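> Following is a predicted model, sequence given first.
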Amino acid sequence: PAYITGGWFDIFIQQTLHGFAALRQSGGSEAARRFTRCCIEPLDHDMRTAEVDYGPNHLNGIIAIRNRFMRNVLKHPGQDPVPDQPILRYFVMGSNRWAESDAWPPPGTRDTPLYLHADGAANSILGRGRLDFAPPAGDRAPPDTFVYNPLEPVPTLGGNSLGYEATPPGQREQSTIERRGDVLVYTSAPLERDLDVIGPVRARIFAATSAPDTDFTVKLCDVTPEGLSYNVCDGLLRARYRHGPENPVPAAPGEIQAYDIDCGVTAMTFLKGHRIRVQVSSSNFPRFDRNPNTGAPFGADDHLRIAHQQVFHDAAHPSHLLLPLSPASAAGVSP
């Protein structure tokens, strides 16, 4: 049995939760399958918070629990080492509370699409991008466009980084990123009720590029009533790997493709009065190596090229996020 711990902004959080789920299901002994525990706190890899205050109870005392777990496993290997502890305990940010489950993802969550729309260009926070649970109804919505220049990549700001000095991890206010013209910004109306997003977040973005290879990024953010925007989770997909890492295929310049982007995992309550925001761009550097857009093997040349990107959100190409909503939240959402 293992006592597995992690943080929502640890670079290894997805592997941590995959390992926990696999050990509970397929561990090499009955004790491993029954007694393995997991605890996830709102921290980075080095057990720090960032710019958001999660309240006085955001820590779970994992060092003491871990020591007791290991001592009891060694002394009494056939017994539950911590019978007073839940199988999985995780901190829900936003509402700043602890929750429990017997599995990851928690049973009953429902993947619910949140669609990209725009009433005009969505470039930067000054644009007119919006989010809605209703899908696009017509075919007339023009795509949003931006230019990705590898010489001027979008800088990393928060998230699941390992290094601290160059790219401080965690939740960071995003206004400097959202002012850029090469970042598309889509924002929901203020929420009428709390919305619990707990589990893996994914995006399907319909896009076209002028380059034989490029990247597309998606970042989910929480916007306070005061207008402050904080990252929640994010992801990136390299176009040549849109069919999987074992099957690289160059992008066909100008051709609309569906990009399924893994945006990480979270446990976040978007509070009543807050807004949900999504950033779409093509770089997150230096957390992710910038794509030179050439299509050549990486490291094979020193040439960079500009990519002209299009992101579609019409009825035929309904770009959206899939939010894992808790049962209560999913029941209150209707398109």
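Nice, I can see it.
> what about Ser26, neighbour count?
A total of 9 residues lie near Ser26 under the criterion other CB atoms under 10 Å. C-beta: built from backbone N, CA, C; applies to glycine.
> repeat for Ile306
By other CB under 10 Å, 14 other residues sit near Ile306.
> swap in the one 5 residues further on?
Counted with other CB under 10 Å, the burial measure for Val311 works out to 25 neighbours.
> Distance of it relative to Leu74?
Summarising the geometry, the distance separating Val311 from Leu74, computed by CB to CB, to the nearest Å, is 54 Å.
> got it, and Thr214?
Taking CB to CB as the measure, Thr214 and Leu74 are separated by 52 Å.
> what does Glu165 give?
Separation of Glu165 from Leu74 (CB to CB): 38 Å.
> More neighbours: which of those two?
Set side by side, Glu165 and Leu74 show more neighbours around Leu74, with 9 against 5, by other CB under 10 Å.
> what helices or strands is the worst-scoring helix or strand of the chain on mean pLDDT leaning on?
The element with the least model confidence among the helices and strands of the chain, by mean pLDDT, DSSP states H and E, is helix 327-331, at a mean of 91. When contacts are defined as 3 or more CB pairs under 8 Å, 6 or more residues apart in numbering; DSSP states H and E, helix 327-331 sits against strand 110-118, strand 195-209.
> Could you list the paired strands of the shortest one along with their orientation?
Just to be clear, that refers to strand 110-118. strand 129-132 (antiparallel), strand 320-325 (antiparallel) (DSSP bridges).
> Which residues does the last one contact?
Among residues not part of strand 320-325, those counted as contacts by CB atoms under 8 Å, 6 or more residues apart in numbering are 105, 109-116, 135, 195-204, 218, 220, 263, 278, 333.
> repeat that with 6 Å
109-115, 197-199, 202-204 (CB atoms under 6 Å, 6 or more residues apart in numbering).
> Could I get the contacting residues of Phe69?
By CB under 6 Å, 6+ apart, the contact set of Phe69 is 3, 81-82.
> now do 10 Å
By CB atoms under 10 Å, 6 or more residues apart in numbering, the contact set of Phe69 is 1-3, 35-37, 62, 80-82, 85.
> Over to Arg97?
With contact taken as CB under 10 Å, 6+ apart, Arg97 is in contact with 54-55, 57-58, 91, 267, 269.
> who does it bridge with?
With beta bridges defined as DSSP bridges, Arg97 has these partners: Val92.
> and it, what pLDDT?
The score at Arg97 is 98. That number is its pLDDT.
> what about it, distance to Asn57?
Between Arg97 and Asn57 the distance, using CB to CB, works out to 8 Å.
> and if you look at Val201?
In this structure, Val201 and Asn57 are separated by 25 Å, where distance is defined by CB to CB.
> What of Gly159?
Gly159 sits 24 Å away from Asn57 when distances are taken as CB to CB.
> again with Gly163
Distance of Gly163 to Asn57, computed by CB to CB: 29 Å.
> Which one's more surrounded, those two?
When neighbours are counted by other CB under 10 Å, Gly163 and Asn57 differ, and Gly163 comes out ahead with 13 against 10.
> Figure out the helix or strand that that one lives in.
Applying DSSP states H and E as the criterion places Gly163 outside every helix and strand.
> ok, now His308?
strand 307-314.
> Just checking: what are the partner strands of the following helix or strand past that strand?
Next helix or strand after strand 307-314 toward the C-terminus (DSSP H and E): strand 317-318. According to DSSP bridges, strand 317-318 forms sheet pairs with strand 307-314 (antiparallel).
> Okay, strands next: where are they in the stretch 1-150 of the chain?
Listed in chain order, the strands of the stretch 1-150 of the chain (DSSP state E, counting those that start in this stretch) span residues 3-9, 37-44, 88-92, 97-101, 110-118, 129-132, 144-148.
> got TSV for those, with distance to Arg242 too?
Conversion of these to TSV gives the following (distance: least, CB to CB, whole Å):
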stretch	distance to Arg242
strand 3-9	27
strand 37-44	29
strand 88-92	31
strand 97-101	32
strand 110-118	18
strand 129-132	23
strand 144-148	16
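> so which of those comes closest to Cys233?
With CB to CB, the closest approach to Cys233 among the strands of the stretch 1-150 of the chain belongs to strand 3-9: 7.9 Å.
> got the angle for the closest one vs strand 37-44?
30 degrees (axes from the mean of the first three to the mean of the last three CA atoms, to 10 degrees).
> circling back to that earlier point, how far is the least confident helix or strand of the chain from where the chain is centred?
20 Å (CA atoms, centre = their mean, to the nearest Å).
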